[in-house]
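need a 3D model of the following:
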Amino acid sequence: MENILLILNVILAIILVVLVLLQKSEGGALGIGVSQDNFMFSRSAGDFMTKATAVIATLFIICSLSLTIISREDLTPATSVIDKIQEKTDDTPKIPENNN
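Predicted structure coming up:
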């Protein structure tokens, strides 16, 4: 199951990158060479691309979270950092008292 989610996550990431790169930038062209007709037709295409990007991004996040939850079961419980610090303080040698 983990391998299937991992493959699906990579595919969703590639699709998400492609969708973002295919979108038209808003305001970067300064209006040069853009007529009102092109603006009206590209608006509906932009809405579709925006909605598709949002759907793919949501699926990517859900897939990433589920992959994290599934892979977390394989981890062994670790000790706390505070426990390690307390172990080191117990193992340090003590300074001998005055030997005179």
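
helix/strand/coil for P96?
coil (DSSP: H, G, I helix; E, B strand; the rest coil).

what of D74?
With three-state DSSP as the basis, D74 sits in coil.

and the gap between it and M1?
D74 is 12 Å from M1, where distance means C-beta to C-beta, to the nearest Å. Heads up, the C-betas are built off the backbone N, CA and C, glycines and all.

so who does S25 touch?
Applying C-beta atoms under 8 Å, 6 or more residues apart in numbering, we find S25 in contact with no residue.

isn't L22 right up against M49?
Yes. At 6.4 Å, L22 counts as touching M49 under the criterion of C-beta atoms under 8 Å.

tell me how many other residues crowd L5.
When neighbours are defined as other C-beta atoms under 10 Å, L5 has 17 of them.

which non-adjacent residue is nearest it?
If the residues on either side of it in the chain are set aside, L5 comes closest to L67, at 4.6 Å by C-beta to C-beta, 6 or more residues apart in numbering.

okay, L22 and M49: which has more neighbours?
More crowded of L22 and M49, by other C-beta under 10 Å: M49, with 16 against 11.

which SSE is the more buried one in?
helix 36-72 (DSSP states H and E).

where does the chain dip in pLDDT?
Applying pLDDT under 70 to the chain flags residues 26-46, 76-79, 81, 83-93, 99-100.

if we go to 90?
By pLDDT under 90, the weakly predicted segments of the chain are 1-3, 22-50, 68-100.

tally up the residues packed near Q23, please.
Using other C-beta under 10 Å, Q23 is surrounded by 13 other residues.

can you get me a residue count around I82?
8.

if you could redo that for L12, that was the one I meant.
When neighbours are defined as other C-beta under 10 Å, L12 has 19 of them.

how near is it to L5?
According to C-beta to C-beta, L12 and L5 sit 10 Å apart.

common neighbours of those two, please.
By C-beta under 8 Å, 6+ apart, L12 and L5 have these common neighbours: C63.

wait, isn't L8 in contact with C63?
Yes. Applying C-beta under 8 Å, one finds L8 in contact with C63, separated by 5.6 Å.
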